[in-house]
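Novice: task: produce atomic coordinates for the following.
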Amino acid sequence: MAEAAPDVVLREVTKRFGDVVAVDALNLDVAHGEFLSLLGPSGCGKTTTLRLIAGFEQPDEGKVLIGGTDVAGLPPYRRDVNTVFQSYALFPHLTVADNVAYGLRQRGLGRRERRLKAEEMLRFVRLEGVETRKPRELSGGQQQRVALARALIMSPRVLLLDEPLGALDLKLRKELQVFLKTLHSDIGITFVYVTHDQEEALAMSDRVAVMHAGRIEQLAPPREIYDNPASRFVADFIGETNFIRRNGSVVAVRPEHIDLVAGADGMAATVVTTMIVGPAIQCLVRTDDGQEVLVRRQRSREGGVESFNEGDRVSLTWAAESALVLDPDKEGTHA
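Specialist: Alright, predicted model coming up:
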């Protein structure tokens, strides 16, 4: 059976703001039903890319296709997408039900049909019983789910999410990450999600596009992004990485892949400090040539890293397959 065409296609898309190139000749395909995250630091172009798909910005060069249709010049309301913002953008004077049904009203659906669809969608996002409340009477997490319901009730081909959890506290953000991932699995529509939170992107996405300077530095499933970063930028941005100079080259090694041993079979170092971080323990060491290296291991009853104290002499070791030699230009290869 033929593979379904991508729901979103960007071809050589460039967007400038004055002399600043926000998106630079970007190419991207988002598959039907995929959960794709655009991840990167502030100013990398991820939000501008989302706005180009949504229609809030128009490209200076290149093409944007949604469902195979070139949407150049079309405003947001004429594209088969809907956007959920960090600020929720709910109407404070309307009830929850009227907020959710607002788009249906603009489409001309009758009052009874709007009410029934709004109630159904609120049940879907687990907000039964709040139909008559105003947004100010809800928590931040509840308001975000109302915003999701309002977007989903329009049955868009693509749901665009612009840092939707950014205004929430950590505990609630993690709860809604699970909710969003489950919601995506249940409804099966395409999600394009913008975030600067790497943990969020890796936890929820089918694929992650790591962006830097208006371009996609690496596009891959979360596991590959973490285990096989394609450049020093990706290795440094995703998780924590030690860049260790040894034998005339620089290798990238994750803290959890390094062992500390008391013997001399490794890279000689001195323990600077140890820190307990929940179920793990972190140890900062300084090698004899002055490099600081972070080591993280699970705590154990047998001692392990926990048995070392400030000032102890140790050696650093790691498996060959855990070290990634990064080409300074782009690609990484295992050593």
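Novice: where do the strands sit along the stretch 51-200 of the chain?
Specialist: Defined through DSSP state E, counting those that start in this stretch, the strands belonging to the stretch 51-200 of the chain, from first to last, are 61-66, 69-70, 81-85, 158-162, 190-195.
Novice: now the ones you listed in JSON lines, with distance to A151?
Specialist: The way it works is simple: take the backbone N, C-alpha and C, and place the C-beta from them, glycine included. Rendered in JSON lines, the data for these read as follows (distance: least, C-beta to C-beta, whole Å):
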{"stretch": "strand 61-66", "distance to A151": "15"}
{"stretch": "strand 69-70", "distance to A151": "20"}
{"stretch": "strand 81-85", "distance to A151": "4"}
{"stretch": "strand 158-162", "distance to A151": "6"}
{"stretch": "strand 190-195", "distance to A151": "11"}
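Novice: want to throw these into TSV with mean pLDDT?
Specialist: Rendered in TSV, the data for the strands of the stretch 51-200 of the chain read as follows (pLDDT from 0 to 100):
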stretch	mean pLDDT
strand 61-66	96
strand 69-70	94
strand 81-85	92
strand 158-162	95
strand 190-195	96
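Novice: could you dump those strands to CSV with mean neighbour count and distance to E256?
Specialist: Below are the strands of the stretch 51-200 of the chain laid out as CSV (neighbours: other C-beta atoms under 10 Å; distance: least, C-beta to C-beta, whole Å):
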stretch, mean neighbour count, distance to E256
strand 61-66, 18, 40
strand 69-70, 12, 46
strand 81-85, 23, 34
strand 158-162, 24, 30
strand 190-195, 24, 23
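Novice: so for T182, which of these sits nearest?
Specialist: Nearest of the strands of the stretch 51-200 of the chain to T182, taken as C-beta to C-beta: strand 190-195 at 12.2 Å.
Novice: packing partners for the closest one?
Specialist: Using 3 or more C-beta pairs under 8 Å, 6 or more residues apart in numbering; DSSP states H and E, the elements in contact with strand 190-195 are strand 35-39, helix 46-54, strand 158-162, helix 198-204.
Novice: can you say which of these is packed in most?
Specialist: Mean neighbour count (mean count of other C-beta atoms under 10 Å) peaks for strand 35-39 among these, with a mean of 26.
Novice: quick one: mean pLDDT for it?
Specialist: For strand 35-39, the mean pLDDT works out to 97.
Novice: so which of the strands of the stretch 51-200 of the chain is nearest R150?
Specialist: Checked against C-beta to C-beta, the stretch from the strands of the stretch 51-200 of the chain lying closest is strand 81-85, at 8.1 Å.
Novice: and the angle from that closest one to strand 190-195?
Specialist: Direction vectors for strand 81-85 and strand 190-195, defined by axes from the mean of the first three to the mean of the last three C-alpha atoms, to 10 degrees, enclose an angle of 30 degrees.
Novice: strand 81-85 pairs with which strands?
Specialist: strand 158-162 (parallel) (DSSP bridges).
Novice: what comes into contact with the partner strand?
Specialist: Residues from elsewhere that reach strand 158-162 (C-beta atoms under 8 Å, 6 or more residues apart in numbering): 7-8, 30, 47, 50, 53-54, 66, 80-86, 151-152, 180, 189-194.
Novice: partner residues bridging V13?
Specialist: Under the criterion DSSP bridges, V13 forms beta bridges with L26.
Novice: in this structure it contacts L65, no?
Specialist: No: contact status for V13 versus L65: not in contact, 10.4 Å apart, counting by C-beta atoms under 8 Å.
Novice: the longest helix in the protein is where?
Specialist: Of all the segments assigned as helix in the chain under DSSP state H, the longest by residue count is helix 170-187.
Novice: can I get the helices and strands packed on strand 190-195 in a markdown table with distance to V250?
Specialist: As requested, the helices and strands packed on strand 190-195 are arranged in a markdown table below (distance: least, C-beta to C-beta, whole Å):
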| stretch | distance to V250 |
| --- | --- |
| strand 35-39 | 24 |
| helix 46-54 | 28 |
| strand 158-162 | 36 |
| helix 198-204 | 22 |
